[in-house]
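**Student:** here is a sequence together with a model predicted from it:
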Amino acid sequence: MTSRRKKGGEYFKTSNQRGEINELKKNLKEQKTEVRKDAVKKVIAFMTCGTDVSPLFNDVVQSIGTSDLELKKLVYLYIINYARKQPDAALKVVSQFRKDAQNSDPLIRALAIRTMGCIRIPKITQHLVPALKQALKDKDDYVKKTAAICTVKLYDINKEVVVDSKEDFITRLRALISEGNPMVVFNAVAALTEIGMKSGKDVFAMDSNMLRALAATLSECNEWGQVYLLDALAAYEPSEKEATSIMQRVTPQLKHKNAAVAMSAIKVIMKYLPLVESKTTRKVTLDAMRPPLITLLNHSIHPPEIQYVALRNMNLIIQRFPDMLTGFQYLKEFFCEYNDPIYVKIEKLEIMVRLAANSNIDLILTEFKSYAKEADTEFVRKAVRAIGRCAIKLPEKAQKCVQVLLELIKTGVNYVVQEGIIVIKDIFRKYPNKYEQIIGVLCDNLDSLDEPEAKASMVWIIGEYSARISNSEELLKNFAETFENEGPQVQLAILTAVVKLFLYKPNKAGDLVKEVLSTCTKKVDNPDLRDRGFVYWRLLMNPATAKQIVLGKKPEISDQTFQIESKTLDVLLANVNTLSSIFHKPPAQLVKGGRTTNFKTKDQADDEDSSDDSDESSSEDEESEEEEAEEEKPKAAAAPTNLLGLDDGPTIEESPAAVESKPTTASPSNKPVVVLSATRGQNFAGLEVATKFAKRNGDLCLNLYMKNKSQQPLTKFLFKFNANFLGLNCAEFKPPTISPGSTVQYSAPLTYEGKISDQNFGQIQAALKTQLGVAFFYIPFSDWSLIFDKDEAIEDPKEFLSKWEDLEDHKLPISSPKGTDPSFVQKSLEGVGMRKMAYRQLDASTGHACMFLSSNILDEDVLVEVEFKSGNLIAHCRADKHAEVAIKIVDSALS
């Protein structure tokens, strides 16, 4: 009675006990092939489950000489897995591999070659090379195909052997391309491509004979093979005649059902098309590309991910051929479906803007208008911006675009109104003095503005047209009332708008401009805002010059800002169907060592040698610049332990550059700051809020002074911070009831959540909800001593040095330091809560020196170095999370 044949899954139902391993060892020595095969299958099952069965190595390899193909494959699989753990034992069976490589059965010959290539041991090279050479000339196509792929594995083991001209592997691979068998050709191409990418050399060296062989084999390969062959054709630089011939061979692949094959065919055509002078050929080829591109957007055939990849590539193609898809039959394919993911919708919007023309703008505007009424806020904003871009792109149709924007603004939807004002500002810049009649509609929505960009845009419009707006001074005065509570973007806009107002109406805006300039130069910590305030103050001393500069003609904007530069576009089109074309970045920017392929037109090909020379010289210049930069680094960096030596070099008091100086950093005011006006809240009026950050029992808190000026008691409160530069949030907010006319002081405890934002340094945006509505406002934070704790700072120089070497360096030149001597720097930074660790004079003749300081910010160690060099200050900061914040604080303290 014969035993029942086991199913594959039953081999994994093992107890994994010691006795079972011993039983396997016994069965591996049996004479019956079926028993040994069953034992090897169990060994493979153990190996797959992660059990170490390397002790059975000698017992398993005893079956390597079997004539049973299935058993031989299993033994080979076992050897590949454990060859690295037992390299000497693996080399003992190499003689059997070489014997199998001469077997009459091509499957066994191919199996032996493939297995030897998978044994990644350097000593295998001397045995693999002769067998691989023989296999590359084998009479069987399957063996040659396997040998081609094995050549790449040999390159990974010993690259010198493969590229060595004496061994002739590259020549043999190139010869396989002319074999005619599709399987052999595509594997040879794949091997050459892989070796070329890894070595950075053109090992392909394609000639006209290889070109014809690839073109003839193209339609006979499978999908993977066609992609490899098409990519190889795209890397070739043909003549015009060759380009025309190859495009005719490639065009049928545009209709392939596999998206990768179709996109690879498009890449070849995009590469060859600029070389063709015949207008008829160019037109016919472009006509053939349209249907395949549209097919890639078919929901029933391709998933959204494929559609997105196709759209990103189409974005590049349309920039090269703008009129390619402008017809209605193609344009409608880019209309957004209700079930499209947001990333597909946004990319379709981008392409519709690129395809917008005078002939189809009415249809596009109707579509955009419908999108602006959808529920997805992000998509609605993009749609409104797309309408504005169409207005800038098409001057003849700008009036229609503005009408659509006005209709959307009149709907009163908050985010639509704000986005509309933002794009109308750009339209005003493109068409000055043309659509000012709509300013009244915009001014009716002032109270609904709560986003910084929208506020800044509205302020710009009021300032630019303040001469024509009768109550412009009143409008800007209202914005100026909350000047200190606004973000930097809005503050800069208010400052410029008030200056424009003064130049237009000096008699009415004198007091306002003084007030705003005084606030900018005396109360604001933002260096950009403060510097601009000083510039305007000095400029207004000469009104005539101020008018020429501030009110002068401004450069027009255009939709070309969304176009990719021509040379970069060439690179991206040459890399269609890769990550480069999806991210719209050259390969060198995506991957370290990425190879950039570029298009060459007939004119560019003649200058190839000279461009290569210039590239070499420029790379040499870059290397020399890097070497010079390395030489400029402090010599003491070679021995970092000396940098913190307190005994080496002069101290601060001994430094010849030290001058008696006092820090001029303004200490934060102890008075609460009004952040919400009771008469001018965003969505309501009646509550005035003043705030002050402080510490209570050693913990950071926010003191709020809330005055109820409404007619109803306030009992329900919700309070929250937006993501901010410190990662702070309110832990609890339960103030008592605020009766009408009364003021309540409440201390809200703060916690650190770790979500740090790069926006609005020095300010924290907050939201407060009561029965009156929701208010958004900014709370300034400038008392750095509240977050820096010098008592928790590192004191041990060795600990400082160890941590310094482990953390990433963040560097920032101090643009406008108030002083550059070490005494001033030390006092300024100690004033915000830092501890001086060491000072080192590196070069007394040039004043090159370094000062090291430490502190602790929100329970995190912060390490700071201030470099004194040629009268300038350069700050370095290292910390796990708050390095960017700390270095900005250093800049604020020293500027």
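**Tutor:** Thanks, I have it.

**Student:** quick one, strands of the chain?
**Tutor:** Per DSSP state E, the chain carries strands over the ranges 673-676, 687-696, 699-708, 718-721, 728-730, 743-752, 763-770, 773-780, 810-813, 835-843, 848-857, 860-869, 872-878.

**Student:** closest one to residue 216 among the ones you listed?
**Tutor:** When these are compared by CB to CB, strand 810-813 sits nearest residue 216, at 57.7 Å. Yep, even glycine has a C-beta here, placed from its N, CA and C like the rest.

**Student:** now do that closest one: distance to the chain's middle.
**Tutor:** From the chain centre to the centre of strand 810-813 is a distance of 21 Å (CA atoms, centre = their mean, to the nearest Å).

**Student:** can I get it in PDB, CA atoms only?
**Tutor:** The C-alpha trace of strand 810-813 is given here as PDB (Å, rounded to 0.1, in the frame of the first residue of the first chain):
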ATOM      1  CA  HIS A 810      22.000  73.900  12.500                       C
ATOM      2  CA  LYS A 811      23.700  77.000  11.200                       C
ATOM      3  CA  LEU A 812      22.500  80.600  10.900                       C
ATOM      4  CA  PRO A 813      24.500  83.800  10.200                       C
END
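
**Student:** name the helices or strands packed onto that strand?
**Tutor:** strand 872-878, helix 883-894 (3 or more CB pairs under 8 Å, 6 or more residues apart in numbering; DSSP states H and E).

**Student:** give me the contact list for the longest one.
**Tutor:** With CB atoms under 8 Å, 6 or more residues apart in numbering as the contact definition, helix 883-894 has outside contacts at 525, 527, 663, 665, 725-726, 756, 758, 761-762, 782, 784, 788, 807-808, 810-812, 814-815, 817-819, 825, 828-829, 831-832, 855, 857, 862, 864, 866, 873, 875-877, 879.

**Student:** residue 417 and residue 407 touch, don't they?
**Tutor:** No. Assessed by CB atoms under 8 Å, residue 417 is found out of contact with residue 407, at 11.8 Å.

**Student:** okay if I get the helices and strands packed on strand 810-813 as TSV plus distance to residue 79, mean pLDDT and mean neighbour count?
**Tutor:** Output for the helices and strands packed on strand 810-813, formatted as TSV (distance: least, CB to CB, whole Å; pLDDT from 0 to 100; neighbours: other CB atoms under 10 Å):
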stretch	distance to residue 79	mean pLDDT	mean neighbour count
strand 872-878	50	87	20
helix 883-894	51	83	22
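
**Student:** present these as TSV; the columns should include distance to residue 555.
**Tutor:** What follows is those, written out as TSV (distance: least, CB to CB, whole Å):
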stretch	distance to residue 555
strand 872-878	33
helix 883-894	31
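
**Student:** ok, which of the strands of the chain comes nearest residue 159?
**Tutor:** Using CB to CB, the strands of the chain put strand 810-813 closest to residue 159, at 38.0 Å.

**Student:** hmm, who's touching the closest one?
**Tutor:** By CB under 8 Å, 6+ apart, strand 810-813 touches 872-878, 883-884, 887-888, 890-891.

**Student:** ok, and for it, which residues are buried?
**Tutor:** Across strand 810-813, burial judged by 16 or more other CB atoms under 10 Å covers residue 810.

**Student:** average pLDDT across stretch 673-687?
**Tutor:** The average pLDDT for stretch 673-687 rounds to 70.

**Student:** hang on, residue 491 packs against residue 480?
**Tutor:** No. Using CB under 8 Å, residue 491 is not in contact with residue 480; the gap is 9.9 Å.

**Student:** so these two - more neighbours on which side?
**Tutor:** Neighbour totals were compared for residue 491 and residue 480, and residue 491 leads with 31 against 21 (other CB atoms under 10 Å).

**Student:** residues contacting the residue nearest to that one when sequence neighbours are not counted?
**Tutor:** Nearest non-adjacent residue to residue 491, counting by CB to CB, 6 or more residues apart in numbering: residue 529, 5.4 Å away. Residues near residue 529 by CB under 8 Å, 6+ apart: 488, 491-492, 495, 520.

**Student:** how about the residues you listed in TSV, adding distance to residue 138 and pLDDT?
**Tutor:** TSV is the format used below for those (distance: CB to CB, whole Å; pLDDT from 0 to 100):
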residue	distance to residue 138	pLDDT
488	72	90
491	77	92
492	74	93
495	80	93
520	82	91
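
**Student:** tell me the one of the residues you listed nearest residue 386?
**Tutor:** Nearest member of the contacts of residue 529 to residue 386, counting by CB to CB, is residue 492, at 26.8 Å.

**Student:** for the closest residue to the closest one other than its chain neighbours, give me the pLDDT.
**Tutor:** Leaving aside its chain neighbours, residue 492 sits nearest to residue 529 (6.0 Å; criterion: CB to CB, 6+ apart). Looking at residue 529, its pLDDT reads 90.

**Student:** can you map out the helices along the stretch 201-350 of the chain?
**Tutor:** 208-217, 223-234, 240-250, 259-272, 279-295, 304-320, 328-331, 342-355 (DSSP state H, counting those that start in this stretch).

**Student:** so which bits of the third one are buried?
**Tutor:** Within helix 240-250, the residues scored as buried using 16+ other CB under 10 Å are 242-247, 249-250.

**Student:** for it, name the packing helices and strands.
**Tutor:** Here helix 240-250 touches helix 208-217, helix 223-234, helix 259-272, helix 279-295, going by 3+ CB pairs under 8 Å, 6+ apart.

**Student:** using PDB, write out every CA atom in it.
**Tutor:** Provided in PDB are the C-alpha atoms of helix 240-250 (Å, rounded to 0.1, in the frame of the first residue of the first chain):
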ATOM      1  CA  GLU A 240      17.000  61.900 -37.900                       C
ATOM      2  CA  LYS A 241      16.500  58.800 -40.200                       C
ATOM      3  CA  GLU A 242      17.000  56.400 -37.300                       C
ATOM      4  CA  ALA A 243      14.600  58.500 -35.200                       C
ATOM      5  CA  THR A 244      11.800  58.300 -37.800                       C
ATOM      6  CA  SER A 245      12.300  54.600 -38.300                       C
ATOM      7  CA  ILE A 246      12.300  53.800 -34.600                       C
ATOM      8  CA  MET A 247       9.200  55.900 -33.900                       C
ATOM      9  CA  GLN A 248       7.300  53.900 -36.500                       C
ATOM     10  CA  ARG A 249       8.300  50.700 -34.700                       C
ATOM     11  CA  VAL A 250       7.500  52.100 -31.200                       C
END
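
**Student:** how about residues contacting that helix?
**Tutor:** With contact meaning CB under 8 Å, 6+ apart, helix 240-250 is reached by 208, 211, 215, 218, 230, 233, 238, 265, 268-269, 272-273, 275-278, 281, 285, 602.
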